[in-house]
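Engineer: following is a predicted model, sequence given first.
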Amino acid sequence: MENILEYLKEERSQEWRAEIRKSMKAKERTSRERVKMPEEDPNVRNKSNIEVNSGLPIENAILEAQRCLDCPDPTCMTGCPVGINIPKFIKKIETKDFLGAASVLKETNGLPAVCGRVCPQEVQCESTCFYTIKLKKPPVAIGYLERFAADYERESGKMNVPNVADSNKIKVGIVGSGPAGLAAAGDLAKFGYDVTVFEALHEIGGVLKYGIPEFRLPNVIVDVEIDNLKKMGVKFRTNFIVGKTASFDDLKKDGFEAFFVGSGAGLPRFMNIPGENYNGIFSSNEYLTRVNLMNAADPDYDTPVISGKNVAVIGGGNTAMDSVRTAKRLGADRAMIIYRRSEKEMPARVEEIKHAKEEDIEFMNLHNPLEYYADESGRVNRMKIQKMELGEPDASGRRRPVPIEGSEFYVDVDTVVVSVGVSPNPLIPKALADLKVTDWGTIVVDKETMQSSIPELFAGGDIVRGGATVILAMGDGRKAAAGMHKYIQEKIKAN
Amino acid sequence: MPDLTTNYLGLTLRNPIVIASSGLTNSAEDIVELDKNGAAAVVLKSIFEEQIMREADHRLKKAKEDGLIYSEYSETLDYIDEHIKEKELGTYLDLIRNTKKKVMIPVIASINCISAMEWTTFARQIEDAGADALELNIFVMPFNFDQNSIESEQVYYDIVNKVKDLVSIPVSIKISPYFANLGRVILRLEEHGADGIVMFNRFASPDIDIDALKVTSAQVFSHRYEIANTLRWTAIMAKQLKMDIAASTGIHEGEDVIKMLLAGATVTQMASGIYKKGPEHIVEVLKFVNDWMEDRGYNYIDQFRGKLSQGKVDHPEVYERMQFMRYFSEIK
């Protein structure tokens, strides 16, 4: 820790940083209003897949960067799960060295364009910004600036492909191409390993592709990062299920020395209420995967989802918001969120809730489904809903929803998306009897090295955390890459 | 040889010995043993409403400690109580299905509930899994100082109404004796559609260790002397009710079973006696009942069931409290 503080102090004392601090009085910086993110018109965007936030123009990015006080004790960094050198990249923007800013980001974060879009900065770095905690003012828009720098680099055509060490010809396998897997792959490639990423689906990107819709995270952003990894020598094998297509033993025979498992939490959960098996009731995973990856919105494709006119989405998290906003874009007249607590308790990002409201999404907070009904063909056509009120707080500090007796009523629905959480993907734990897992079904790992109970197997992301954010998953991937590197090198030395 | 066949909750039982909801009835394998030794039916270990709420809280705390689940943004954690409920219920439904596959005797499921909330929907899934009947073990804390007794009793009626609306299998209600007017409450439960009453629930009791200055748990098992209260209420209610009575608490031996049948019970529920002596104890109990009936020339139970209930005895006041007080006042 002391080393990090020393390093930050040294960085901050560099001449260019000192100069930029002196260039404007602190009072002038703090008197500025936080910039606003330009957004597409809600009535246009809710009929298309156009990205909702269009990104800061250069002049606004510089204005926002000027708000940053370059604090001697950058508390914002304590809120960043991967410890990005936040003041340094922001000051690079202030000096108009946008490529330099991107390069600072990439020191610790392989996917800044993704994180700038989907990270919940309001509870991470921005919640610990000096403006938030001391000045009680809106924080520096760290997320907007992160996205700006990353987008600038990509659009400049000067994407920096990190240097990779000479090949050591040691084969390592990555299971899953989500954020954890991609981060691990990048670092292992840098160390000189022969990296192969195995992906069960036909598209690379994991949850970044199948889970997060185009209007929030365009696929092109992810593809650029994947291309970069390919340029670094990382190989990708799609439609490959480790544990089914080939076992770990098969892969070991094939020369793989170690593995990183980032297979995510793709097993949907339901509420186990009557009628939940009727046609037209999806898990959010299935619904979003069909739309995002299988062209389900196009009736000419084999696996369409019916564009429901009355769509109910159960849940209050980001996946619920993604699902309900997708339903609206597919043409729903009535796209409803049915959430059993109040808006205050919703786990979704404030920004996502705001965007959903602007897009004409109906919020039925303090409501919970009780039962579904179907027509004679077994297709859901109605649901029974109960009104709730908030009782005593539970262990999470949120007030527990309590049903109001006699408040039940019916709503016509033709599509229901259940978005009440996920379980870790059980494929890998099932394939390996010796692998230690928790009661939650998550893989048990050493928190420093991410090594599992099977020495050559490392893991991170949702398969370890149950339900993480992109940045935490990436942090795990990087930590695991370092752990694997150490493990393999020690093994070589021992032999 | 006397015929011990008994009709309880519309189910034909081979004798009046039902194994009460307990740790004895928590696995299909254990239930097979009970069946082999002659148990007529089993009430499965309860699935607890409160326990699941507590488990949800425990999980939330543990997840935070471990930093495993990123709680602020996890939909999984937001619905953790639902997921725990789903998991617990799934395990319970498996217990019903497995038990039904392995034994021929009726399997009565049991829900321990404190409210008429979303839990009642469980009843239908329990019915679908193949339970022959459902015992609702209801206990609304009698020390809710903000609730009067009418409000507290209403919870019981609401639960019965809801569950009876949802299922077609018979529903019995297991209650505690803690009511201002117990007799009236039992009658109302019948009016609301209960098919049987189980008297009474036996709670884990507290004790105090005066050396360690600690609150401890009192004796877990019942004693035979605890039979009196159940005996009294069985005898009092037998003539009042059309629904079946299952007598519970303190019934350890064959003699106790006969006492309860004489008082008017349809069946008896046993647990502590079998915990102490093993499933083979059922054989002894049944032998005692059988011999007793043979000695007195009874061919079937209805010939003597309720013979000593309050309506049939010469001095019905013997079951009433006034008489009880007078009896003790005579002790010098």
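Structural biologist: Perfect, thanks for sending it.
Engineer: can you check the pLDDT for residue A:302?
Structural biologist: Note for residue A:302: predicted pLDDT of 65.
Engineer: quick one: contacts for the nearest residue to residue A:178 once chain neighbours are set aside?
Structural biologist: Nearest non-adjacent residue to residue A:178, counting by CB to CB, 6 or more residues apart in numbering or on different chains: residue A:206, 2.5 Å away. Yep, even glycine has a C-beta here, placed from its N, CA and C like the rest. Contacts here follow CB atoms under 8 Å, 6 or more residues apart in numbering or on different chains; on that basis residue A:206 touches A:176, A:177, A:178, A:179, A:181, A:182, A:199, A:262, A:264.
Engineer: per-residue pLDDT, residue A:206?
Structural biologist: 93.
Engineer: next one: it from residue A:292, what distance?
Structural biologist: Applying CB to CB, to the nearest Å, the value for residue A:206 to residue A:292 is 11 Å.
Engineer: related to what we said a few turns ago, among the contacts of residue A:206, name the ones in helices.
Structural biologist: Among the contacts of residue A:206, DSSP state H puts A:179, A:181, A:182 in helices.
Engineer: so what's the residue count around the last one?
Structural biologist: Put plainly, it is residue A:182. 31 (other CB atoms under 10 Å in any protein chain shown).
Engineer: tell me the contacts of it?
Structural biologist: A:110, A:111, A:197, A:205, A:206, A:225, A:226, A:229, A:474, A:477 are the contacts of residue A:182 under CB under 8 Å, 6+ apart.
Engineer: can you check the first one too?
Structural biologist: Residues touching residue A:179, when contacts are defined by CB under 8 Å, 6+ apart, comprise A:111, A:114, A:206, A:207, A:208, A:262, A:461, A:470, A:471, A:473, A:474, A:477.
Engineer: so what's it scoring on pLDDT?
Structural biologist: So, for residue A:179, pLDDT stands at 94.
Engineer: where does pLDDT dip in the stretch 251-400 of chain A?
Structural biologist: A:295-306 (pLDDT under 70).
Engineer: all strands in the stretch 201-332 of chain B, in order from the N-terminus.
Structural biologist: Applying DSSP state E, counting those that start in this stretch to the stretch 201-332 of chain B gives strands spanning B:206-209, B:214-217, B:244-248, B:267-270.
Engineer: sorry, slip of the keys, the one I care about is the stretch 351-495 of chain A.
Structural biologist: A:362-365, A:367-374, A:380-393, A:399-403, A:409-412, A:415-418, A:422-423, A:457-459.
Engineer: where does residue B:45 sit: helix, strand or coil?
Structural biologist: coil (DSSP: H, G, I helix; E, B strand; the rest coil).
Engineer: over to residue A:286?
Structural biologist: Classified using three-state DSSP, residue A:286 is helix.
Engineer: what residues are up against the nearest residue to residue B:188 once chain neighbours are set aside?
Structural biologist: Of all residues not flanking residue B:188 in the chain, residue B:157 sits nearest, at 6.2 Å (CB to CB, 6+ apart). For residue B:157, the contacting residues are B:188, B:189, B:192, by CB under 8 Å, 6+ apart.
Engineer: which pLDDT value belongs to residue B:226?
Structural biologist: 89.
Engineer: wait, it sits on residue B:252?
Structural biologist: No: contact criterion CB atoms under 8 Å: residue B:226 and residue B:252 do not qualify, at 9.7 Å.
Engineer: fine by me, thanks again.
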